[in-house]
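Visitor: any chance you can model this:
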Amino acid sequence: MFRSLCALLVASSTILSVQQPVRRSVSLIVTGGTVVTMDGGRRVLRPGAVAIDGRDIVGVDTADAIAQRFTSTDTIDAAGHVVMPGLVNTHTHAPMVLYRGLADDLALMDWLQKYIFPAEAKTVSPEFVRAGTRLAALEMIQSGTTAYADMYYFEEEIARATKEAGIRGVLGQTIIQFPVPDAKTPAEGIARAVAFIRQWGGDELIVPAIAPHSMYTLEASTLKEIRAVATRERAPVIIHLAETRDEVKVARDKYKATPTQFLESIGFWGDRTVAAHGVHLTPADIGILARRRVGVSHNPESNMKLASGTSPVPSMQKAGVVVGLGTDGAASNNDLDMFEAMRQAAFLHKLTSNDPSALPARTALAMATIDGARALGMEREIGSLEPGKRADLLIVSMRTARQTPLYDPLSHLVYVTRGDDVRTVVVNGKIVMRDRRLLTLDESAVIDEARKWADTVRSAVQ
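Guide: As a prediction, this is how the structure comes out:
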């Protein structure tokens, strides 16, 4: 009798062990929220959960399914929130936040030549760039950007500040024909770019790039050399393209071609190239960009504010061009809120096409996440919530009056949400903001430092 009872207990224990497999211990679980994956099936899980181990996502499923497979000592309850991929800003000039509001309501060339270029000549330094990048990183984290593409001067300082803030950057050392704060000649700028690429290559958060400013601020020979360097160093290239009618006129007068066609004629286009703006493109230009697999960064707010024009985004997408979203620098936007960029992109293309379906919410959201990652050549690593990708994600509150009622989370993310609805930000598996508390930056110190630099800028331009 006793032996039979023991045998029964052993058998019951064996059955229970089979029914309750050992759960894997992971570093972080986010559970209970509406998970907007942006994966290939565009799954939305209600309630869903994401399991993270180290820097990687290891599970994305219903909350119950994740609970059965994983356990963690750090679990975030996301009930009443949306969990989504981190936003990807495909075009910025991060330190230019320190010129925010310096000159407004001007066309691009007047804005650049009369205000920005002179201000930069008097104020840009490694210290200025560090302070500006810290402020930009603070703003980006607080509004949900986890990865951004940049082009500016002293890019090594931007890389250090970006890494310290804990966010991801594709950072392009700018090359321009005339003397600038970190290089007196294009050759010096290219040498700096090569050193930067070699110093930061292989970093977990920083992708070093080379950034020729534009076809109208560089000679053809310099552009060819930049392409050769990028190919040799296997580095991404970032360039302004067809932003204004003035740029198109320069190209036609000088080269009898559009900016896109001119760059094609000199063999400039290549792998992992991002063209910022792409406002004034012909159908032939769009064909070139599609064939060359050039990613385009659409910057609707900057283009509207400077009256540069409207990029033919729906036409590009129809032709197979990958289009991401960008804010441009905060000196011409005047903020780095990618939720606002999504909303304005959707509204702009509905208005200009007289078609309310021209750029729907799901497309705008894709442009700010997975398509932004594609434009930067990083879609295997970021842009969606999928096992094997880096753990870059946001927890966005849906509890306020403005967010109520919630029927369609994709609609809310584009048409309702603002940057300050972001509660928690995770980059590369590390929490950089939790319940609006910054963990990698001293918010007060960053803002105090920026205000001191504002006094310097104000004195320099008076």
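
Visitor: for the stretch 1-150 of the chain, which segments count as strands?
Guide: Using DSSP state E, counting those that start in this stretch, the strands of the stretch 1-150 of the chain run over 24-25, 28-36, 44-53, 56-62, 70-71, 75-77, 81-85, 87-92, 145-152.

Visitor: so can I have CSV of these showing mean pLDDT?
Guide: Compiled in CSV, those are given as follows (pLDDT from 0 to 100):
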stretch, mean pLDDT
strand 24-25, 98
strand 28-36, 98
strand 44-53, 98
strand 56-62, 98
strand 70-71, 98
strand 75-77, 98
strand 81-85, 98
strand 87-92, 98
strand 145-152, 98
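
Visitor: as a markdown table, those strands with mean neighbour count and distance to Ser397 would be great.
Guide: Any C-beta I mention is one placed from the backbone N, CA and C, and that applies to glycine too. A markdown table is the format used below for these (neighbours: other C-beta atoms under 10 Å; distance: least, C-beta to C-beta, whole Å):
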| stretch | mean neighbour count | distance to Ser397 |
| --- | --- | --- |
| strand 24-25 | 12 | 29 |
| strand 28-36 | 25 | 10 |
| strand 44-53 | 22 | 15 |
| strand 56-62 | 20 | 21 |
| strand 70-71 | 19 | 24 |
| strand 75-77 | 17 | 13 |
| strand 81-85 | 27 | 6 |
| strand 87-92 | 31 | 15 |
| strand 145-152 | 28 | 17 |
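
Visitor: need those strands in TSV with distance to Ala193, can you?
Guide: As requested, those are exported to TSV (distance: least, C-beta to C-beta, whole Å):
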stretch	distance to Ala193
strand 24-25	43
strand 28-36	37
strand 44-53	34
strand 56-62	31
strand 70-71	43
strand 75-77	40
strand 81-85	30
strand 87-92	18
strand 145-152	11
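
Visitor: those: which one's closest to Ile116?
Guide: strand 145-152 (11.8 Å; C-beta to C-beta).

Visitor: show me what that closest one is packed up against.
Guide: If you count contacts as 3 or more C-beta pairs under 8 Å, 6 or more residues apart in numbering; DSSP states H and E, strand 145-152 packs onto strand 87-92, helix 126-142, strand 168-175, strand 206-212, strand 422-427.

Visitor: return the distance of that strand from the chain's centre.
Guide: 5 Å (C-alpha atoms, centre = their mean, to the nearest Å).

Visitor: right, and the helix or strand after that strand?
Guide: Counting by DSSP states H and E, the next helix or strand C-terminal to strand 145-152 is helix 155-165.

Visitor: which strands or helices does that next one pack on?
Guide: Under the contact rule (3+ C-beta pairs under 8 Å, 6+ apart), helix 155-165 is packed against helix 126-142, strand 168-175, helix 186-200, strand 206-212.

Visitor: give me whichever of the helices and strands packed on strand 145-152 is most buried.
Guide: strand 87-92 (a mean of 31; mean count of other C-beta atoms under 10 Å).

Visitor: strand partners (parallel or antiparallel) of that strand?
Guide: Strand pairing for strand 87-92, using DSSP bridges, gives strand 145-152 (parallel).

Visitor: what angle sits between the partner strand and strand 168-175?
Guide: On the basis of axes from the mean of the first three to the mean of the last three C-alpha atoms, to 10 degrees, strand 145-152 is oriented at 10 degrees to strand 168-175.

Visitor: send me strand 145-152 as PDB with only the CA atoms.
Guide: Extracted C-alpha coordinates of strand 145-152, given in PDB (Å, rounded to 0.1, in the frame of the first residue of the first chain):
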ATOM      1  CA  THR A 145      13.500  58.200 -30.500                       C
ATOM      2  CA  THR A 146      15.900  55.400 -29.900                       C
ATOM      3  CA  ALA A 147      18.000  55.700 -33.100                       C
ATOM      4  CA  TYR A 148      18.800  58.700 -35.300                       C
ATOM      5  CA  ALA A 149      20.900  59.600 -38.300                       C
ATOM      6  CA  ASP A 150      23.000  62.700 -38.000                       C
ATOM      7  CA  MET A 151      25.300  64.900 -40.100                       C
ATOM      8  CA  TYR A 152      27.400  67.700 -38.500                       C
END
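
Visitor: between that strand and strand 422-427, how many degrees?
Guide: Computed by the same axes, to 10 degrees, the angle separating strand 145-152 from strand 422-427 equals 70 degrees.

Visitor: quick revisit: so which of the helices and strands packed on strand 145-152 gets nearest Val461?
Guide: Nearest to Val461, of the helices and strands packed on strand 145-152 and by C-beta to C-beta, is helix 126-142 at 13.5 Å.

Visitor: off-centre distance for the closest one?
Guide: For helix 126-142, the distance to the chain centre is 15 Å (C-alpha atoms, centre = their mean).

Visitor: tell me the helices and strands packed up against that helix.
Guide: Helix 126-142 sits against strand 145-152, helix 155-165, strand 430-434, strand 437-438, helix 443-461, with contacts defined as 3+ C-beta pairs under 8 Å, 6+ apart.

Visitor: for Arg55, find the nearest of the ones you listed.
Guide: Arg55 lies closest to strand 430-434 among the helices and strands packed on helix 126-142, at 7.8 Å (C-beta to C-beta).

Visitor: show residues contacting that closest one.
Guide: For strand 430-434, the external contacting residues (C-beta atoms under 8 Å, 6 or more residues apart in numbering) are 28, 55, 141-142, 165-167, 422-426, 438-440.

Visitor: make it 10 Å
Guide: 27-28, 30, 52, 54-55, 74, 76, 86, 137-138, 141-142, 144, 146, 165-167, 205, 391-392, 394-395, 422-427, 437-441, 443 (C-beta atoms under 10 Å, 6 or more residues apart in numbering).

Visitor: quick one: mean pLDDT for stretch 174-186?
Guide: The average pLDDT for stretch 174-186 rounds to 95.

Visitor: correction: stretch 442-452
Guide: The average pLDDT for stretch 442-452 rounds to 97.

Visitor: one more: stretch 258-273?
Guide: pLDDT averaged over stretch 258-273 gives 97.

Visitor: CA atoms only for that stretch, dumped as PDB, please.
Guide: What follows is stretch 258-273 as a C-alpha-only set of coordinates in PDB (Å, rounded to 0.1, in the frame of the first residue of the first chain):
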ATOM      1  CA  THR A 258      18.800  67.300 -61.900                       C
ATOM      2  CA  PRO A 259      20.800  66.800 -58.600                       C
ATOM      3  CA  THR A 260      19.900  63.100 -58.600                       C
ATOM      4  CA  GLN A 261      20.900  62.600 -62.300                       C
ATOM      5  CA  PHE A 262      24.200  64.500 -61.700                       C
ATOM      6  CA  LEU A 263      25.100  62.300 -58.800                       C
ATOM      7  CA  GLU A 264      24.200  59.200 -60.900                       C
ATOM      8  CA  SER A 265      26.400  60.500 -63.700                       C
ATOM      9  CA  ILE A 266      29.500  60.600 -61.400                       C
ATOM     10  CA  GLY A 267      28.900  57.200 -59.900                       C
ATOM     11  CA  PHE A 268      28.000  58.600 -56.500                       C
ATOM     12  CA  TRP A 269      25.000  56.400 -55.500                       C
ATOM     13  CA  GLY A 270      25.900  53.200 -53.700                       C
ATOM     14  CA  ASP A 271      24.900  50.900 -50.900                       C
ATOM     15  CA  ARG A 272      23.700  52.300 -47.600                       C
ATOM     16  CA  THR A 273      23.100  55.800 -48.900                       C
END
